[in-house]
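*Asks:* test case, fold it:
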Amino acid sequence: MSRIGRMPIIIPAGVEITIADGNVVTVKGAKVTLTQTFNSRLTIEKVDNTIVVKRPTDEKEDRAIHGLTRALIQNMVTGVTEGFKKELQINGVGYKAAKQGTTLVLNLGHSHDIKFEEKDGITFEVPNPNTIIVHGAEKQTVGQIAAQIREKRPPEPYLGKGVKYADEHIRRKAGKASK
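*Replies:* Residues are numbered from 1 along each chain as shown. So this is what the prediction gives:
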């Protein structure tokens, strides 16, 4: 049995979870409500102050989605209570980020500014011109937006210029060897 899948999900105070027909799980927190539909083969039960995910058989498909479903529900609970964030760092001469209203404006050495709008519960924070923090309740959306920002100027291995995650290590290459 899946070690992740069999662990119960503890519902913290202030979070309301409803399970509708067809395994539609709705997690409601103080500010955000998240809804997701899960595979109907699994059984999702609310027992006291916990959520338990059970699988019907030990078939390969059931085993594969058991731990995934539990992890996704746990991420929904974490998202409505604490939220998720990704921190990006900008390295390079003249590269910078700024926030104008609800728009993130990036100067990354292109002939134009790159703009990202806040939407779908995603907010940007720019504590200094070289740091961007992406906040949101949905883990997948936060990661996707952070990846799209990084994609505009990925870090290059020779000088390390570009946009990288704060915890990412860039493997540097040696430059030209001189005689």
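*Asks:* Gly22: neighbouring residues, count only.
*Replies:* Number of residues near Gly22 (other C-beta atoms under 10 Å) recorded here: 9. Heads up, the C-betas are built off the backbone N, CA and C, glycines and all.
*Asks:* that one and Thr37 touch, don't they?
*Replies:* Yes - counting by C-beta atoms under 8 Å, Thr37 is a contact partner of Gly22 at 6.5 Å.
*Asks:* and Ile90, bridged to which residues?
*Replies:* Val163 (DSSP bridges).
*Asks:* what's the burial count for it?
*Replies:* 23.
*Asks:* could you do Arg41 as well?
*Replies:* 15.
*Asks:* how about the spatially most central residue of the chain, what does it touch?
*Replies:* By C-alpha atoms, centre = their mean, the mean C-alpha position of the chain lies nearest to Lys139, the distance being 2.8 Å. With contact set as C-beta atoms under 8 Å, 6 or more residues apart in numbering, Lys139 has these partners: 75, 78-79, 84.
*Asks:* just Gln74 next, same as before
*Replies:* Gln74 touches Ile9, counting by C-beta under 8 Å, 6+ apart.
*Asks:* for it, pull up the helix or strand it's in.
*Replies:* Using DSSP states H and E, Gln74 sits within helix 60-81.
*Asks:* chain center to that helix, what's the gap?
*Replies:* 14 Å (C-alpha atoms, centre = their mean, to the nearest Å).
*Asks:* next: stretch 105-121.
*Replies:* On C-alpha atoms, centre = their mean, the centre of stretch 105-121 falls 19 Å from that of its chain.
*Asks:* any buried residues in it, and which?
*Replies:* In terms of neighbour count (16 or more other C-beta atoms under 10 Å), stretch 105-121 has its buried residues at 105-108, 116, 118, 121.
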